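Undergrad: sharing a model prediction with you, sequence too.
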There are 2 protein chains.
Amino acid sequence: MAEGSDDIQALIAQMARLPGLGPRSARRLVLHLIRKRSGQMIQLARLLENVAQGSRECLTCGNITDRDECAICADPARATGELCVVEDVADLWALERGRAFRGRYHVLGGTLSALDEIGPEDLGIPGLVDRIARDRVTEVILALNATVDGQTTAHYIAEALAGSGVAVTGLAQGVPIGGELDYLDDGTISAALRARRRL
Amino acid sequence: MAEGSDDIQALIAQMARLPGLGPRSARRLVLHLIRKRSGQMIQLARLLENVAQGSRECLTCGNITDRDECAICADPARATGELCVVEDVADLWALERGRAFRGRYHVLGGTLSALDEIGPEDLGIPGLVDRIARDRVTEVILALNATVDGQTTAHYIAEALAGSGVAVTGLAQGVPIGGELDYLDDGTISAALRARRRL
């Protein structure tokens, strides 16, 4: 039993299974926590337990929350008629950090994928179409990743909404802020060139 | 409140303070845990609490354990007369994983450092000298890091033990297993050359 006690070994093994961590970083992390155990470790245990017991999906949009409806869906000021469709809760969080969007969200929970047999029903796309009619949405912004699967999904949703009267938009593609042309891929450069704008 | 709930935000902030993690990897980790919350997260919380409440330093050697005396100090088979001095518990664990050493350990908890004002008393070196006499140690292996501070500390301990009758040894320096000469630093190559052996 090299690592102190059975509990310590089990903790390291659990930590090592988390994304981005491996056995070496898990050991380092656990040793760090043991050294400052008085405060940080107990607090971390409590928070993990609270979050594990308290969090669930917002019944309306799929965001993670500790109530039936998330803070964004519950906020009347965000009923702007704009609905931003994202792949994942992480994407919703990223957009919220940007503070540029004041409407509401819809989390798909994935992308269409023939390979993984994920179809429109698995992503709740029929439910999305219903929600758009019910909530008087005027614009659907497809903020999906610029990957093949993301763009296939965006295309499918745009088709499904054709004729429903809502405007369907996508994020602009171009040079990221602070980006250097020399380091950008050819696809991004040609997209930015095609979408050039008058200054 | 972008990230779900106050507890989720607090959990991400706590995680982001751990060594090797930052805000981005902490968010990714917490989202991963929330998605599989049923099992993994509760288990992780329980383990953290057990380890936080159960672990302490071995009174004899400084290893981390859940008893007064660690499993190594409590094992009579390991009273070989060999005492391996390491800087840190992580180093002890690394040596135990190697399964090459069957004696006992002494964890210094750091290295001598004039800059950080860490002197022999802070590392318990007088206590180490006492322990060597009491436990009938015949060989002290200084398994300290091959850094300036590590080697200064090794030198100091070797001096302190001169005349006590115990053999003082250090780890061999040379080419690591699987190492390619072209990628090794000059210091390692010259050390390996000086310590060359007949095949």
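TA: Noted; the coordinates are in hand.
Undergrad: please count neighbours and contacts with C-alpha atoms only from this point.
TA: Will do.
Undergrad: going along the chain, name the strands of chain A.
TA: Using DSSP state E, the strands of chain A run over residues A:56-57, A:64-65, A:82-86, A:104-107, A:139-142, A:167-170.
Undergrad: adding mean neighbour count and distance to chain B, write these out as CSV.
TA: Listed next are those as CSV, based on neighbours: other C-alpha atoms under 10 Å in any protein chain shown; distance: least, C-alpha to the nearest C-alpha, whole Å:
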stretch, mean neighbour count, distance to chain B
strand A:56-57, 20, 8
strand A:64-65, 26, 5
strand A:82-86, 24, 14
strand A:104-107, 24, 12
strand A:139-142, 21, 19
strand A:167-170, 16, 22
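Undergrad: would a markdown table of those with mean pLDDT be doable?
TA: Supplementary listing: these in a markdown table, determined by pLDDT from 0 to 100:
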| stretch | mean pLDDT |
| --- | --- |
| strand A:56-57 | 89 |
| strand A:64-65 | 90 |
| strand A:82-86 | 95 |
| strand A:104-107 | 95 |
| strand A:139-142 | 94 |
| strand A:167-170 | 93 |
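Undergrad: make CSV out of those strands and add distance to residue A:152.
TA: CSV is the format used below for the strands of chain A (distance: least, C-alpha to C-alpha, whole Å):
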stretch, distance to residue A:152
strand A:56-57, 25
strand A:64-65, 25
strand A:82-86, 13
strand A:104-107, 16
strand A:139-142, 11
strand A:167-170, 13
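Undergrad: so which of those gets nearest residue B:110?
TA: Among the strands of chain A, the nearest to residue B:110 by C-alpha to C-alpha is strand A:64-65 (43.4 Å).
Undergrad: what is the closest one packed up against?
TA: In terms of contacts (3 or more C-alpha pairs under 8 Å, 6 or more residues apart in numbering or on different chains; DSSP states H and E), strand A:64-65 is packed against strand A:56-57.
Undergrad: list the neighbouring strands of the strand it packs on plus their orientation.
TA: strand A:64-65 (antiparallel) (DSSP bridges).
Undergrad: what's in contact with the strand it pairs with?
TA: Identification of contacts with strand A:64-65 by C-alpha atoms under 8 Å, 6 or more residues apart in numbering or on different chains yields A:55-58, A:70-71, A:89, B:3-5.
Undergrad: now do stretch A:128-147
TA: Contacts for stretch A:128-147 (C-alpha under 8 Å, 6+ apart): A:80-87, A:106, A:150-151, A:154, A:160-161, A:165-171.
Undergrad: pull out the buried positions in that stretch.
TA: Neighbour counts over stretch A:128-147 (16 or more other C-alpha atoms under 10 Å in any protein chain shown) mark A:128, A:131-132, A:137-145 as buried.
Undergrad: just stretch A:190-199 next, same as before
TA: Of the residues in stretch A:190-199, those buried under the neighbour-count criterion (16+ other C-alpha under 10 Å) are residue A:192.
Undergrad: any idea how far apart the tips of that stretch sit?
TA: From its first residue to its last, stretch A:190-199 covers 18 Å (C-alpha to C-alpha, to the nearest Å).
Undergrad: before we move on, what about stretch A:90-106?
TA: Using C-alpha to C-alpha, the end-to-end distance of stretch A:90-106 comes out at 12 Å.
Undergrad: number of residues surrounding residue A:25?
TA: 17 (other C-alpha atoms under 10 Å in any protein chain shown).
Undergrad: who's in contact with it?
TA: Contacts for residue A:25 (C-alpha under 8 Å, 6+ apart) come out as A:16, B:20.
Undergrad: pull the number of nearby residues for residue A:157.
TA: Residues near residue A:157, counting by other C-alpha under 10 Å: 20.
Undergrad: could you verify my assumption that it touches residue A:123?
TA: No: assessed by C-alpha atoms under 8 Å, residue A:157 is found out of contact with residue A:123, at 10.8 Å.
Undergrad: how about the buried residues of stretch A:128-147 in CSV, adding distance to residue A:66?
TA: Rendered in CSV, the data for these read as follows (distance: C-alpha to C-alpha, whole Å):
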residue, distance to residue A:66
A:128, 22
A:131, 22
A:132, 24
A:137, 25
A:138, 29
A:139, 28
A:140, 26
A:141, 26
A:142, 26
A:143, 25
A:144, 25
A:145, 27
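Undergrad: now flag whichever of those is closest to residue B:63.
TA: residue A:145 (48.2 Å).
Undergrad: how about stretch A:6-23 and chain B, touching?
TA: Yes: counting by C-alpha under 8 Å from any C-alpha of the partner chain, chain B has neighbours in stretch A:6-23: A:7-8, A:10-11, A:14-15, A:18-20.
Undergrad: as a whole number, average confidence for that stretch?
TA: In this model, stretch A:6-23 carries a mean pLDDT of 90.
Undergrad: pLDDT wise, what is residue A:37 at?
TA: pLDDT, residue A:37: 60.
Undergrad: quick one, domains of chain A?
TA: Listed by automatic domain parsing, the domain ranges of chain A are A:6-54, A:82-166.
Undergrad: out of those, which is the most enclosed?
TA: Stretch with highest mean neighbour count among the domains of chain A: domain A:6-54 (a mean of 18; mean count of other C-alpha atoms under 10 Å in any protein chain shown).
Undergrad: now do it: distance to the chain's middle.
TA: Centroid separation for domain A:6-54 versus its chain: 24 Å, with C-alpha atoms, centre = their mean, to the nearest Å.
Undergrad: my read: residue A:70 touches residue A:63, true?
TA: Yes: counting by C-alpha under 8 Å, residue A:63 is a contact partner of residue A:70 at 6.6 Å.
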